[in-house]
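**Q** sequence unknown, structure follows:
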């Protein structure tokens, strides 16, 4: 089990995305919350991925994920199924996606079952997916020492009770500003964070799109602006890869819910912001799939120069 | 003339404002771009104020400004005139004001004439006002070593040529994100800053409302988030007081266009953000008129704790 001490178990969506933005249009590119999350987290720590795809999903991508230290044993491939397909559009305000179509396909019958090693995971990230499925995965993990989750406006809207029960069980929530407002009724940053903390999570990472992210722990916070990417094409996956880099950083340091400090979270959030700044530079995960460690390191230094007082 | 070495000359509007926001409504409170600017700058450096008011303007306020080290000799009081009156409204998105009425009154015939000491000013801040008047004041200053300005969407719209000629003459421009987009055609932060730098100013302070401010000098920048004020009632004057604290800080250090560094600008922007966070806490300048130095210092320390990596 020792290999689990430094790895993170994640569940979420694996998808094909068709995306239109002012920068162009792509059809059926690789997507999904835990695809983006895993790619980012893999820069920092091993990942175990739980998900479902159809027989149309390219095995080459699963092989590529494996080459990044991502364990794909937990991905079910449904022989006669089609992979989840999301179609969305961004206007000039790249902060908000308009969903044009959602084809659940193999997701409709997704019934995640963890293997014995997976049940021993220390750290769990429940990427955006139906909160009932997030519960189902979490129920199977025996004794996690750090639990984090993401969600989306859809679940706040149609499954608020399940989502709120989930928040009672997690240590860290990664949520965007608009969702935080939906959930708490206030658009005020620290009031919304406080209200979410009262629902359960000790740590609230509030994602603010092109304005960066703010993290709240207890009554302390760290406010990070976004790196001003010179060429923003597609924000899809920015939030998931932010969370991946953030959580990967924490896990790589063997931190759990009792040992995390604001200083740890600051570096984790900086990594999240830097990673997300690459994600948005091309459609789908194209940019982060060819991202080199030295590019990340170099931009991190530039970014620190921009935010150090 | 030595008293001018550490002071700043400013011209702009002195006004009565009637303001409605989700937090309430006030009628005919003190306002105006150089009123807010001067109050903030006076925390850091002496100020010389050029403006015009009607006989309805309270002399008690002019006395109060004087008590803050603000020289009001340059304020013309028009005996049979009425003070400029702005009526505006904010919706839930407090970042943008909707102007309901503008009564220019004494502003229609404002013809600023500088006294001999005023003409010797080293530092000039041209607060938001008709750019033709900004030129007229600047024309009279003999040998300024640092010139900064602000403006607003109205002037970009109706007097773009005059404004662009002004930008050629200034070292620092303080401008909000929406105005920067109007002026440059891009909503991308660093591209907009670069485009504005190409118009003249070496330093561009991009104000981002509840998201803070970013300052660009040469090819370096500093990104500052906003202090999350617990109680935002009225954003009127936030940008003017941001600029006042920023410029006041620079002037208090005897900096000119050749000696300013990014490090100076970082502290100036932090002061601007902290000051603006007080401005928004009450309607009009009510909060900053009773602001104590120790409150500013204390919030500055808190804010630094939130943004230090």
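**A** Done, it's in. Given the structure is predicted, the values throughout are model-derived calculations rather than measurements.
**Q** CA only for contacts and neighbour counts going forward, please
**A** OK.
**Q** what's across from residue A:88 in the sheet?
**A** Beta-bridge pairing for residue A:88 (DSSP bridges): residue A:19, residue A:99.
**Q** Okay, buried residues for stretch A:21-41 please.
**A** Residues A:21, A:29-41 are the ones in stretch A:21-41 that count as buried (16 or more other C-alpha atoms under 10 Å in any protein chain shown).
**Q** Among these, which ones lie close to chain B?
**A** When C-alpha under 8 Å from any C-alpha of the partner chain is applied, no member of the buried residues of stretch A:21-41 is adjacent to chain B.
**Q** between those residues, which is closest to chain B?
**A** residue A:21 (14.8 Å; C-alpha to the nearest C-alpha).
**Q** so who does the closest one touch?
**A** Counting by C-alpha atoms under 8 Å, 6 or more residues apart in numbering or on different chains, residue A:21 touches A:89-92, A:94, A:233-234.
**Q** Quick check on it: phi, psi?
**A** phi -140, psi 170 (degrees, to the nearest 10).
**Q** what residues are up against residue A:303?
**A** A:227, A:274.
**Q** Name the nearest residue to residue A:164, sequence neighbours excluded.
**A** With C-alpha to C-alpha, 6 or more residues apart in numbering or on different chains as the criterion, residue A:164 has its nearest non-adjacent residue at 7.1 Å, and that residue is residue A:199.
**Q** ok, that neighbour touching residue A:168?
**A** Yes. When contacts are counted by C-alpha atoms under 8 Å, residue A:199 is listed as touching residue A:168 (5.9 Å).
**Q** How about residue A:149: what's its closest non-neighbour residue?
**A** Nearest non-adjacent residue to residue A:149 (C-alpha to C-alpha, 6+ apart): residue A:126, at 4.4 Å.
**Q** Run through the residues of the stretch 201-309 of chain A sitting next to chain B.
**A** A:211, A:220-225, A:228, A:230, A:263, A:266-267, A:304-309.
**Q** Only the buried subset of the residues you listed, as a ChimeraX command please.
**A** Applied in ChimeraX, the following selects the buried portion of these according to 16+ other C-alpha under 10 Å:
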select /A:211,221,222,223,224,225,228,266,304,306,307,309
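**Q** So which of the residues of the stretch 201-309 of chain A next to chain B are in strands?
**A** A:220-224 (DSSP state E).
**Q** Columns distance to residue B:185 and pLDDT on top of the residues you listed, output as TSV?
**A** Compiled in TSV, those are given as follows (distance: C-alpha to C-alpha, whole Å; pLDDT from 0 to 100):
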residue	distance to residue B:185	pLDDT
A:220	38	95
A:221	35	96
A:222	32	98
A:223	28	97
A:224	26	97
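**Q** and which of those residues is nearest residue B:71?
**A** The closest of these to residue B:71 turns out to be residue A:223 (C-alpha to C-alpha; 37.7 Å).
**Q** Run through the residues that contact the closest one.
**A** Taking C-alpha under 8 Å, 6+ apart, one finds A:212-215, B:225, B:306-307 in contact with residue A:223.
**Q** And residue A:56, by the same measure?
**A** By C-alpha under 8 Å, 6+ apart, the neighbours of residue A:56 are A:81-83.
**Q** so what's the residue in the stretch 101-250 of chain A positioned nearest to chain B closest to, chain neighbours aside?
**A** Chain B sits closest to residue A:222 of the stretch 101-250 of chain A, with a gap of 4.5 Å, by C-alpha to the nearest C-alpha. Among residues not flanking residue A:222 along the chain, residue B:306 sits closest, at 4.5 Å (C-alpha to C-alpha, 6+ apart).
**Q** so that neighbour sits right up against residue A:225, yeah?
**A** No. Contact between residue B:306 and residue A:225 fails when scored by C-alpha under 8 Å: they sit 11.6 Å apart.
**Q** What segments of chain A are helices?
**A** A:33-41, A:59-67, A:116-119, A:131-140, A:153-158, A:160-167, A:177-184, A:189-199, A:238-252, A:262-279, A:286-289, A:293-307 (DSSP state H).
**Q** Turn those into CSV, columns for mean pLDDT and distance to residue B:299.
**A** As requested, the helices of chain A are exported to CSV (pLDDT from 0 to 100; distance: least, C-alpha to C-alpha, whole Å):
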stretch, mean pLDDT, distance to residue B:299
helix A:33-41, 98, 36
helix A:59-67, 96, 46
helix A:116-119, 96, 46
helix A:131-140, 98, 39
helix A:153-158, 94, 34
helix A:160-167, 98, 32
helix A:177-184, 95, 24
helix A:189-199, 96, 15
helix A:238-252, 98, 28
helix A:262-279, 97, 19
helix A:286-289, 98, 39
helix A:293-307, 98, 19
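**Q** The ones you listed: which one's closest to residue B:102?
**A** Short answer: helix A:189-199, nearest of the helices of chain A by C-alpha to C-alpha, at 32.6 Å.
**Q** which secondary structure elements does the closest one contact?
**A** In terms of contacts (3 or more C-alpha pairs under 8 Å, 6 or more residues apart in numbering or on different chains; DSSP states H and E), helix A:189-199 is packed against helix A:177-184, strand A:203-207.
**Q** Centre of the chain to the longest one, how far?
**A** I take that to be helix A:177-184. Helix A:177-184 sits 17 Å away from the centroid of its parent chain (C-alpha atoms, centre = their mean, to the nearest Å).
**Q** Say whether chain B is contacted by that helix.
**A** No. Helix A:177-184 does not reach chain B (C-alpha under 8 Å from any C-alpha); its nearest approach is 11.9 Å.
**Q** quick one, that helix and helix A:189-199 angle?
**A** Helix A:177-184 and helix A:189-199 are oriented at 50 degrees to each other (axes from the mean of the first three to the mean of the last three C-alpha atoms, to 10 degrees).
**Q** for the shortest one, same thing?
**A** Between strand A:203-207 and helix A:189-199, the angle comes out at 140 degrees (the same axes, to 10 degrees).
**Q** could you give the mean pLDDT of strand A:203-207?
**A** The average of the pLDDT scores along strand A:203-207 is 97.
**Q** And for that strand, what's in contact with it?
**A** Against strand A:203-207 from outside (C-alpha under 8 Å, 6+ apart): A:171-177, A:180, A:193, A:196-197, A:213-218, A:239.
**Q** And the longest one, by the same measure?
**A** By C-alpha under 8 Å, 6+ apart, the list of residues contacting helix A:177-184 from outside reads A:152-153, A:156, A:186-189, A:192-193, A:195-196, A:206-208.
**Q** Scan the residues you listed and report the most crowded one.
**A** residue A:193 (31 neighbours; other C-alpha atoms under 10 Å in any protein chain shown).
**Q** In space, what's closest to it - neighbours in sequence excluded?
**A** Excluding the flanking residues, the one nearest residue A:193 by C-alpha to C-alpha, 6+ apart is residue A:204, at 6.2 Å.
**Q** Tell me how many other residues crowd the one you found.
**A** 27.
**Q** repeat for residue A:182
**A** 14.
**Q** so how far is residue B:306 from it?
**A** In this view, residue A:182 and residue B:306 are 25 Å apart by C-alpha to C-alpha, to the nearest Å.
**Q** With residue A:19 instead?
**A** Distance from residue A:19 to residue B:306, by C-alpha to C-alpha: 36 Å.
**Q** and if you look at residue A:142?
**A** Separation of residue A:142 from residue B:306 (C-alpha to C-alpha): 36 Å.
**Q** what is in contact with residue B:306 and residue A:225 at once?
**A** By C-alpha under 8 Å, 6+ apart, no residue touches both residue B:306 and residue A:225.
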